[in-house]
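Peer 1: I would like to see how this sequence folds:
(one chain, ligands or ions: 2)
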Amino acid sequence: MFDNFKMMNRPLTGPGASSRSYSNGQYSSVSELTREPIERRDMPKQISIFNHRGGASKTSAIFNLGWMLATKNKKVLLADCDPQCNLTAMVLSYTGSDNLKTIYDRDGVTSIYEGLRPAFEAIPKIIEPVVCLEVPGNTNLSLLPGHIALSEFDIPLGAAQNFTDSFATLKNLPGSLRYLLNETAEKNEIDIVIVDMSPSLNAINHNLLMTSDYFIISFFPDIFTSMANKSLAKILPLWNSLAKKLATLPNLIHSSYPYQYNNLKFLGAIFQNYGTRSWNMPTNDNKQWNANIKQWIDELSSSIYQILIPAMSDSGMSLSYEKYKNNNAVPPSPLLQITNFTNLIKLSRHLRTPVYQLTDKQLKQTGTDLAKTKTSLEKFSLLFERGAEKILGLVS
Ligand SMILES: Nc1ncnc2c1ncn2[C@@H]1O[C@H](COP(=O)(O)OP(=O)(O)OP(=O)(O)O)[C@@H](O)[C@H]1O
Ligand SMILES: [Mg+2]
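Peer 2: Numbering: from 1, shown residues only. Ligands and ions are numbered 1, 2, ... in the order given. Have a look, this model is predicted:
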């Protein structure tokens, strides 16, 4: 099976190459929009976390993982590209619309939606970086706030991705999302952008995923797993081919924001096993629970191995086997397997703190309860630390 994995160095069409073309000033391809060529460092790496099935712990994983990556001397930007805005809510812990208004009413471009408006609403100005918010408690971590109105751009973007060849008026849309994320990341000297997405196969997700450098799939092991894998194994290669084609269309090359295919690679999977407890099993029977989880995880692993990996490999979206192996991340073995955070997830969200970072004072527990919880936190910490190390190794 792994013979199919392609040995591939990061190509000349990858992020490094793109940043070089930026610094050559080749990006100023449209006469009505002028900008100074700026000397830039390498572009930040963009990792999207995806699954078209909802509630697979994407947003929770992104917050905890992003925080861990940021403690490893990386500057990390959490980009909330899900119109549900759960990541924004998690980071800001806003409690009312006034609080949200304060975020959107700041000076400058304040959300993903505002950032994209020049392209999508034909406003005659260049897309400018979003003014990000530092995540409280972690100076290396920032948030690009989401906005519910982002979904308004889905239909025009879908049309643009399908018909740009014929309708040149749509040519600035397909490259605009990655352009905005790059500009924002570069302004903030970000190393890694983690993109949170809605659970959907819509045009925005297609665009975000296919213009990323890497992606991770977050899985929910249950009876639908194999079906979900079949669907991903069909859709992702199709999306990938379309993305490669878009990157060659003259209209998209000669646009204000040229569409770039960045040789997207699959980093691996995140499994979550906290949510399946409600499915067809007595909730208090731990033995039954463990057996059930094991069964679903086995099925998930085998369908990743048999269905997803061959599809990724055949369409050039796998890293080399050696790269996975050197980082202890050979699929279907997951990058991380998220266990049940129990009630700590609520506390974590309320305090805007990763679950493994909760302090004794915040836990408000004593004696054996506290000791037990601290053991769990150490396990969570190790889990995310190992996941972060694998990711850093894979993208290096
Ligand atoms: N490890 C965990 N243990 C317990 N509960 C969790 C865990 N991870 C996430 N949850 C809870 O499960 C729900 C869904 O999680 P989350 O929002 O992270 O999923 P998602 O994949 O981002 O969902 P969506 O597809 O809607 O964006 C939330 O209520 C969250 O608090
Ligand atoms: Mg989410």
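Peer 1: Get me the contact residues on the stretch 101-250 of the chain for ligand 2.
Peer 2: By Cβ under 5 Å from the ion, no part of the stretch 101-250 of the chain sits against ligand 2. Just so you know, the C-beta spots here come from the backbone N, C-alpha and C atoms, and that holds for glycine as well.
Peer 1: Return the nearest residue of the stretch 101-250 of the chain with respect to ligand 1.
Peer 2: Residue nearest to ligand 1 within the stretch 101-250 of the chain: P199 (3.6 Å; Cβ to the nearest ligand atom).
Peer 1: Ramachandran angles for that residue?
Peer 2: phi -80, psi 80 (degrees, to the nearest 10).
Peer 1: isn't it right up against I49?
Peer 2: No - between P199 and I49 there is no contact under Cβ atoms under 8 Å: 10.9 Å.
Peer 1: phi, psi of the residue of the stretch 201-350 of the chain found nearest ligand 2?
Peer 2: Going by Cβ to the ion, ligand 2 is nearest to S218 of the stretch 201-350 of the chain, at 9.0 Å. Per-residue torsions, S218: phi -100, psi 120 (degrees, to the nearest 10).
Peer 1: Counting neighbours, what do you get for the residue nearest to E299 when sequence neighbours are not counted?
Peer 2: The shortest distance from E299 to any residue other than its chain neighbours is 5.8 Å, reached at T225 (Cβ to Cβ, 6 or more residues apart in numbering). Using other Cβ atoms under 10 Å, the number of residues around T225 comes to 21.
Peer 1: Let's see the pLDDT reported for T225.
Peer 2: Predicted confidence (pLDDT) for T225: 77.
Peer 1: ok so, going back, between P199 and I49, which one's more packed in?
Peer 2: I49 (25 against 17).
Peer 1: quick one, what contacts the residue of the chain found nearest ligand 2?
Peer 2: In the chain, no residue comes nearer to ligand 2 than T59, which is 3.3 Å away by Cβ to the ion. When contacts are counted by Cβ atoms under 8 Å, 6 or more residues apart in numbering, T59 touches 82, 86-87, 90, 196.
Peer 1: Report the two of the residues you listed separated the most.
Peer 2: Pairwise distances across these (Cβ to Cβ) peak at 11.2 Å, for the pair D82 and M90.
Peer 1: which one of the two has more residues nearby?
Peer 2: D82 (26 against 22).
Peer 1: show me the contacts for the closest residue to the more buried one other than its chain neighbours.
Peer 2: Once flanking residues are discounted, D82 sits nearest to S198: 4.3 Å by Cβ to Cβ, 6+ apart. By Cβ under 8 Å, 6+ apart, the residues touching S198 are 81-84, 151, 204-205.
Peer 1: State which strand of the chain is the longest.
Peer 2: strand 265-272 (DSSP state E).
Peer 1: orientation of the helix or strand just after that strand relative to strand 265-272 in degrees?
Peer 2: For strand 265-272, the following helix or strand on the C-terminal side (DSSP states H and E) is helix 286-303. Interaxial angle, helix 286-303 versus strand 265-272 (axes from the mean of the first three to the mean of the last three Cα atoms, to 10 degrees): 170 degrees.
Peer 1: buried stuff in the helix or strand that helix 286-303 is followed by?
Peer 2: The helix or strand immediately downstream of helix 286-303 is helix 309-314, counting by DSSP H and E. Neighbour-count burial for helix 309-314, counted by 16 or more other Cβ atoms under 10 Å, picks out 309, 311-313.
Peer 1: Out of those residues, which is nearest to P124?
Peer 2: Of the buried residues of helix 309-314, the one sitting nearest to P124 (Cβ to Cβ) turns out to be M312, at 41.1 Å.
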